[in-house]
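[1] Model the structure of this input:
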Amino acid sequence: MSVEQLISSILADLKANRLKLPTLPQVALKINDIIDSPDATAKSVAKVISTDAALSARLLQVANSPLIRVRSSPAENVQAAITRMGMGVVRNIVTSFMVNQLFHSKHDALKKRVSVLWNHSAHVAAISHVLANRFTRLKPDDAMLAGLIHDIGKLPIITKAEDDAELANDSVALDNLDKKLHTVLGKVIVQTWHFAPELIAAVANHENLAYDSEQLSIADVVTVANLLSYAGKKHTLTQADWTTVPAFKKLGLSPEDSIATLEEARDEIAEIVKLLTA
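    Presented below is the predicted three-dimensional model:
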């Protein structure tokens, strides 16, 4: 089957609700529901999170990391971690941890592709956090989550390849499918997850270099972060004229300034990537 035929097939499956899309684990949905409740407390959220040992450990790790930048004594339990971070940050950290679990494949030919995809997503998430923190009034944890899920639309393509040995071993075809479809599929996925409009916009538009929102948005941050993640590498996005990209102007940065920022924040970015990929 040609790439064009595969694209038509995938879009037809999407339209008919036959395409297998990734879903968030139930614990993430339950925690989101509790946090959305007007009666939500650190204690009630901690009770749910504490049922998952791995999630509890990750939350404590983040709460006591430079990401939160609190100089007081370490948070020693989940409830203390939640109180320190706040509900919004907790929601994003939980979602980030659960998204990580979606990036897997049992197919030998696809394992490396999934690993590269997750590491790239973590890198873009880290850069997004740094950019939002240093140059905007946007919430850095929102920007980090948007960066982490910006390529989520590539997962259904990997899932489809798991049932097609020929496609699974054809990296060129997979690259072409990603290029043509991942933003379309990604937008549908985060819409089904009922994510906030600004996160949906970031997923849908991060490779649309002409995207020009009315005001600075998370989509702008992720667009620049994604471009910077490819700096110095051979990629179609590095062939564009970055000086014409509205997202840079929204951030008040030139491409040169942003690359300098990347160098300055190298250790901070590495620390965030380590937290996300550990």
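[2] Neighbours of S128, how many?
    Here the neighbour count serves as a burial measure; for S128 (other CB atoms under 10 Å) it reads 33. C-betas here are computed from N, CA, C, even on glycine.
[3] helix or strand for it, which one?
    Element membership of S128, judged by DSSP states H and E, is helix 108-135.
[4] Need the mean per-residue confidence for the following helix or strand past that helix.
    Reading on from helix 108-135 to the C-terminus, the next helix or strand found by DSSP H and E is helix 140-149. Taken as a whole, helix 140-149 has a mean pLDDT of 96.
[5] Name the surrounding residues that touch helix 140-149.
    Residues external to helix 140-149 that are found in contact with it (CB atoms under 8 Å, 6 or more residues apart in numbering): 88-89, 92-93, 95-96, 99, 121-122, 124-133, 136, 186, 190, 195-196, 198-199, 202-203, 218-219, 221-222, 225-226, 272, 276.
[6] Try it again at 6 Å.
    Residues lying outside helix 140-149 but in contact with it, judged by CB atoms under 6 Å, 6 or more residues apart in numbering, are 89, 92, 96, 121, 124-125, 128-129, 132-133, 199, 202, 218, 221-222, 225.
[7] Over to stretch 173-187?
    Outside of stretch 173-187, the residues that reach it under the criterion CB under 6 Å, 6+ apart are V3, I7, I152, G153, K154, P156, I157, L167, V203, A204, E207.
[8] Check the offset of it from the chain's centre.
    Using CA atoms, centre = their mean, to the nearest Å, we find the averaged C-alpha position of stretch 173-187 to lie 16 Å away from the chain's own average C-alpha position.
[9] List the buried residues of it.
    By neighbour count, and taking 16 or more other CB atoms under 10 Å as the criterion, the buried residues in stretch 173-187 are 173-174, 176-178, 180-187.
[10] Point to the helix or strand of the chain where mean pLDDT is at its lowest.
    For the chain, counting by mean pLDDT, DSSP states H and E, helix 26-36 ranks last in confidence among helices and strands (a mean of 88).
[11] Quick one: list the elements packing against that helix.
    Judged by 3 or more CB pairs under 6 Å, 6 or more residues apart in numbering; DSSP states H and E, the packing partners of helix 26-36 are helix 42-49, helix 87-100.
[12] from the ones you listed, which stretch is densest packed?
    helix 87-100 (a mean of 21; mean count of other CB atoms under 10 Å).
[13] element containing the nearest residue to A126 once chain neighbours are set aside, please.
    Distances taken as CB to CB, 6 or more residues apart in numbering put I272 closest to A126, at 3.7 Å, once the chain neighbours are dropped. Element membership for I272, per DSSP H and E: helix 266-277.
[14] Same check on E263?
    Using DSSP H and E, E263 sits in helix 255-264.
[15] average pLDDT across that helix?
    Helix 255-264 shows a mean pLDDT of 94 in the predicted model.
[16] burial count for the nearest residue to F135 once chain neighbours are set aside?
    When the adjacent residues along the chain are set aside, F135 lies closest to L251, with 5.0 Å between them (CB to CB, 6+ apart). L251 is surrounded by 21 other residues when neighbours are defined as other CB under 10 Å.
[17] quick revisit: so which of the helices and strands packed on helix 26-36 is nearest Q61?
    The minimum distance between Q61 and those falls on helix 87-100, with 9.6 Å, by CB to CB.
[18] The closest one packs against which elements?
    helix 26-36, helix 53-63, helix 140-149.
[19] Off-centre distance for that helix?
    Taking CA atoms, centre = their mean, one finds helix 87-100 lying 11 Å from the centre of the chain it belongs to.
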